[in-house]
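*Asks:* next comes the sequence, and after it the predicted model I'd like to discuss.
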Number of protein chains: 2
Amino acid sequence: MPEFQRPRGTRDFGPEEMAKRRYVEAKMRETAMLFGFGEVMTPTFESTDLFVARSGEGIIDELYAFEDKGKRGISLRPELTASVMRFYVNDMQNLPKPVKIFYFGNCFRYERPQAGRYREFFQFGAELIGAPSIESDAEIIALALATMKNLGLADVVVRIGHLGVLNRYIRELGISESAEKEARRLIDKRDFDNLRQVLGEAAANGEATARLIELVNLGETEAKDRARAEAKSDESFGYLANLLDRLKAYGFDNCQLDFGVARGLDYYTGMVFEIDAPSLGAEKQICGGGAYTLADLFGGQEVNSTGYAFGFDRVMLALENSGVGVPSQNIEVYILPIGEKAQITAIGILRELRNAGISADMDLMGRNMSKAMKYANSIGARKVIIIGEKELAESSVTVRDMKSGEQSQVPISDILRAFTRVDA
Amino acid sequence: MPEFQRPRGTRDFGPEEMAKRRYVEAKMRETAMLFGFGEVMTPTFESTDLFVARSGEGIIDELYAFEDKGKRGISLRPELTASVMRFYVNDMQNLPKPVKIFYFGNCFRYERPQAGRYREFFQFGAELIGAPSIESDAEIIALALATMKNLGLADVVVRIGHLGVLNRYIRELGISESAEKEARRLIDKRDFDNLRQVLGEAAANGEATARLIELVNLGETEAKDRARAEAKSDESFGYLANLLDRLKAYGFDNCQLDFGVARGLDYYTGMVFEIDAPSLGAEKQICGGGAYTLADLFGGQEVNSTGYAFGFDRVMLALENSGVGVPSQNIEVYILPIGEKAQITAIGILRELRNAGISADMDLMGRNMSKAMKYANSIGARKVIIIGEKELAESSVTVRDMKSGEQSQVPISDILRAFTRVDA
């Protein structure tokens, strides 16, 4: 009976899963670097105050917060934007603008474990700091979409909104600030029944309520028509129409407008967006972001910033649900030495293959032929090299193709040539 | 004034440093996979009990230990072997043997921050579980050395010992178990003055003391001669002589024997080894490992295991000290659109280059020519594409080589051909 279990709500990842996750991480990194973003890494924990400054006191209940031995309040990070902007304020404010950075890391949230939600989870995100809004917003959304494209996840939907539009409609309701906040939260959840009730209780203007609900329910075409029609009279609508043109130049002409995207954190300032993977069903959002200011909140100079974070675990799930192939690890060659003397010869061949970049393993268990073949199959080896006494006497080995079953004798001195390259 | 600082003893990594760290991580991963090892990942925290079971109660003072809201004692991991073996016992005991796994992750230790020691640090390690000792030990040491070789770190020294040898000499001292333990600790630190004093106080046999101190001070050649001379009469010496032969077959004929390697944790069972990077001076050890049993301690079946961990941060430092080149990130192309209309054309070119795998960035700041050239230089761009009104009218762009200063006109329709491949 194992005496120790992993903590609730956390996961262990085995080799097959890790090979897939590292592949996806590498593709994301590669895309960000193609776009001229550079990677940063911050500590796993920060002052609890930092996260409270970003998200409000309410966040404390969701944090793994503790006191260190110096009685300082520290917390495992629940997300990475606060840490990255803290790093920016401390060390990067004087760099030439824009500062284009990305990150990949684990985050922690203390909540009841439930399907698809983990206490330790992973985010991949990017921030573009210090450039004008429209250029930043276009580049950031383009990076998020190019990342999905490079992963082969074709069926994602990006929905772009603007808090300038939404807030104008909300202000017309004539309700209290706290009711406005609650309204934004319900709009973000698309919970219109409760929205109507809250607005009713807050004695919102009836016509304004109808206009708001119509706005956040506009269909794909209607939303674009609205933005273009009112581009001249409303700055935010104009901004979105311009943004769509830019995204088209980036090669993304399927972007949708959705004025109901509200995000929910006070530091967003303008454009906000979300990306969905429809294959995930009800919990379909894989990415969220927008334009924000945080540097000033952290004691730095105010600066235009746009960023997003992918829920890495959800992206993995979306890739799986969409049947997108992610290569997993296979060993190319398995070597079976028979007898003690053959082992030293096997090590020499192992070394030669590995030095040439061919992944190779050898039997360490003293298996007999049939057990070794079964094992070679189980690890997905393409070829097996058998070194028996007879072979050894002739300075040659038997090479078996595991797919075709064909066997051939190869002189040891020729071994590398016979394997360069194992058909990929 | 920034209001938030990162926690003491932790680090932020900027883009240049991260590019190097990811390169080294990737090389380590690549080497492990060539050897047929598969990656695993475990949670960042575990039950505090797990670490106590591995290392004893004394570890608690060095842990970031806290109670979660369910009053369970959890701790940030101080190292990864315990977590990985917990994972093995929970989920991997029934896999075909051997189980060959590696990991890369952050670890935490609560201690006074000092030069080169961080409260959050990184380890890259491997474990080979369930194969016979000598085969496992040879494969594991070979992997550690191949990893250093693939990184270009040529000047490392591996010192291999055996607890069977050391413990036989220690038992001859005729001292208490606690004095034995203290002696092992001092031997591991090569603190022979205090060792003599402790042995004197423990009334150790004088001749045995002299023999022990002679043993752990044997020079490179003498240690090998001793092992070979006594290979027949002492199993552990014989084992080491055999191991050296195997490592030679792996291509590593510079391995040293050092009978003073004691490691210091009770679960090591036989072969133990350390790798030093002499360029690091006093704190030169970059890797430690050996044969151990832990699975049974964690409630699993007893199983032969061998493993090691690299101190990733020390490896980074050793590479730097040894002047080993590690590529850092450069952008290949920087695009400067002049005027609003040129921006959309610039985005199209940006897209084409990035789609072709060429890293490309564009001016988002509305810089003028001379400022843009300065910026392009600062980000290390090899070429700059200038799109002005004149160029736009002719459907062409100016391409400037930042090294030679040469400029040429290139039709926009030919742009990709002109850049494939930017000379690497």
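*Replies:* Thanks, I have the structure now. Residues are numbered from 1 along each chain as shown, chains lettered A, B, ... in the order given.

*Asks:* does A:Val216 touch A:Ala223 like I think?
*Replies:* No - counting by CB atoms under 8 Å, A:Val216 does not reach A:Ala223; the two are 9.6 Å apart. For the C-beta atoms, the positions are set from N, CA and C on the backbone; glycine is no exception.

*Asks:* need phi/psi at A:Ile286.
*Replies:* Per-residue torsions, A:Ile286: phi -110, psi -10 (degrees, to the nearest 10).

*Asks:* the one 5 residues further on now?
*Replies:* Dihedral angles phi and psi of A:Ala291 (degrees, to the nearest 10) take the values phi -90, psi 140.

*Asks:* I'd assumed A:Tyr268 was in contact with it.
*Replies:* Yes - with contact defined as CB under 8 Å, A:Ala291 counts as touching A:Tyr268 (6.8 Å).

*Asks:* the more surrounded of A:Val216 and A:Ala223?
*Replies:* A:Ala223 (24 against 21; other CB atoms under 10 Å in any protein chain shown).

*Asks:* just the element for that one, please.
*Replies:* Assigned by DSSP states H and E, A:Ala223 belongs to helix A:220-229.

*Asks:* give the buried residues for that helix.
*Replies:* Using 16 or more other CB atoms under 10 Å in any protein chain shown as the test for burial, helix A:220-229 gives A:Ala223, A:Lys224, A:Arg226, A:Ala227.

*Asks:* ditto for stretch A:47-54
*Replies:* Residues A:Ser47, A:Thr48, A:Leu50, A:Phe51, A:Val52, A:Ala53, A:Arg54 are the ones in stretch A:47-54 that count as buried (16+ other CB under 10 Å).

*Asks:* got it, and stretch A:161-178?
*Replies:* Within stretch A:161-178, the residues scored as buried using 16+ other CB under 10 Å are A:Gly161, A:His162, A:Leu163, A:Gly164, A:Val165, A:Leu166, A:Arg168, A:Tyr169, A:Ile170, A:Leu173, A:Ile175.

*Asks:* and the gap between the third one and chain B?
*Replies:* It stands for A:Leu163. 21 Å (CB to the nearest CB, to the nearest Å).

*Asks:* contacting residues for that residue?
*Replies:* By CB atoms under 8 Å, 6 or more residues apart in numbering or on different chains, the contact set of A:Leu163 is A:Ala262, A:Arg263, A:Tyr268, A:Thr269, A:Gly270, A:Met271, A:Val272, A:Gly290.

*Asks:* return the member of those residues nearest to chain B.
*Replies:* A:Met271 (14.8 Å; CB to the nearest CB).

*Asks:* where's that closest one, which helix or strand?
*Replies:* Using DSSP H and E, A:Met271 sits within strand A:268-276.

*Asks:* which other residues reach that strand?
*Replies:* Residues outside strand A:268-276 that contact it (CB under 8 Å, 6+ apart): A:133, A:137, A:141, A:144-145, A:148, A:156-164, A:236, A:239-240, A:243, A:258, A:261-263, A:284-293, A:306, A:308, A:310.

*Asks:* which ones among those are found in strands?
*Replies:* A:157-162, A:285-292, A:306, A:308, A:310 (DSSP state E).

*Asks:* over to A:Ser83. Which of the three states is it?
*Replies:* Per DSSP: H, G, I helix; E, B strand; the rest coil, the local secondary structure of A:Ser83 is helix.

*Asks:* how about it, nearest residue that isn't a chain neighbour?
*Replies:* Nearest residue to A:Ser83, sequence neighbours excluded (CB to CB, 6 or more residues apart in numbering or on different chains): A:Thr42, at 3.9 Å.
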